[in-house]
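Asker: my questions concern the predicted model and sequence given below.
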Amino acid sequence: MPFRAVLFDFGQTLFQAPDAAALLTEAGVEPATAQRLWAEIWARALTPEELAKGRDLSEAAHRRHWMELFAAAEPHAPGISRRLYEAVMRVESWTPFPDTPAVLAALHEGGVAVGVLSNTAMALQPVLAVHGLDRYVSACVESFRLGIEKPDPRIFAAACEALGSKPEETLLVGDSHLADGAGVLAGLTVLLLPGVPRDTPRGLEAVLDLLQIRRPAPSQATPRNLRFRGDPA
């Protein structure tokens, strides 16, 4: 297909969140219970009912709705909601999947316009810059700036306009059939990636195969080692 541009979802597509279950365990929750609790919280966060609350239209709404979701963990670790929010939901704490840097670089070098489209209440460009990825991204389209969220078709149209591409020339890559899958309503082709274990390649090289762009050498696929607030010294 003659794709001229690729739009990537940010969370759980290009970047992964810190290990929330590990944080719960550190707070004294039994490991199996911590894994179950986080799986239940995350699953609820992705339901149509939660997505419809406007969680990513402002930072205040983002904090309020996530704190409500985290309340399920309070009986197991009192006071954990605030810690979870600050450590897990702040985008500056998220890190690229192992294959993100090399795939973005390959697309950029192949002359394909790259954008990031996200339901988020926080700016993403600074996070990309910390990892040296902003050089490959032509546009960041964030829901809180536009006042609309995925799955509203208007946000996909706005992202295509920001990239200077037509919807039929744009590939959307994401992980949510509810949020990202709605890109088809705006005329985009959508590639949804299944989940993978933490700290493993995301499967982003499938995008290079679709666009017939040469895969990067293995040595190019390792992200830079960076330290974030709260990481051990």
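Answerer: Yep, it's here.

Asker: only C-alpha atoms from now on, for both contacts and neighbour counts.
Answerer: OK.

Asker: tell me where this structure is predicted with low confidence.
Answerer: Within the chain, the segments meeting pLDDT under 70 span 1, 218-233.

Asker: what helices or strands is the longest helix along the chain leaning on?
Answerer: Using DSSP state H to define each element, the chain has its longest helix at helix 31-45. With contacts taken as 3 or more Cα pairs under 8 Å, 6 or more residues apart in numbering; DSSP states H and E, helix 31-45 sits against helix 20-26, helix 59-70.

Asker: mind listing what's buried in it?
Answerer: Neighbour counts over helix 31-45 (16 or more other Cα atoms under 10 Å) mark 34-35, 37-38, 41, 45 as buried.

Asker: hang on, the earlier thing: looking at the helices and strands packed on helix 31-45, which one is packed in the most?
Answerer: Greatest average neighbour count among the helices and strands packed on helix 31-45 goes to helix 20-26 (a mean of 18), per mean count of other Cα atoms under 10 Å.

Asker: need the contact partners of it.
Answerer: 31, 34-35, 37-38, 77, 80, 84, 88 (Cα atoms under 8 Å, 6 or more residues apart in numbering).

Asker: would you format those as JSON lines with distance to H177 included?
Answerer: Listed next are those as JSON lines, based on distance: Cα to Cα, whole Å:
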{"residue": "P31", "distance to H177": "29"}
{"residue": "A34", "distance to H177": "26"}
{"residue": "Q35", "distance to H177": "23"}
{"residue": "L37", "distance to H177": "23"}
{"residue": "W38", "distance to H177": "20"}
{"residue": "A77", "distance to H177": "32"}
{"residue": "I80", "distance to H177": "30"}
{"residue": "L84", "distance to H177": "26"}
{"residue": "V88", "distance to H177": "23"}
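
Asker: thanks a lot, catch you later.
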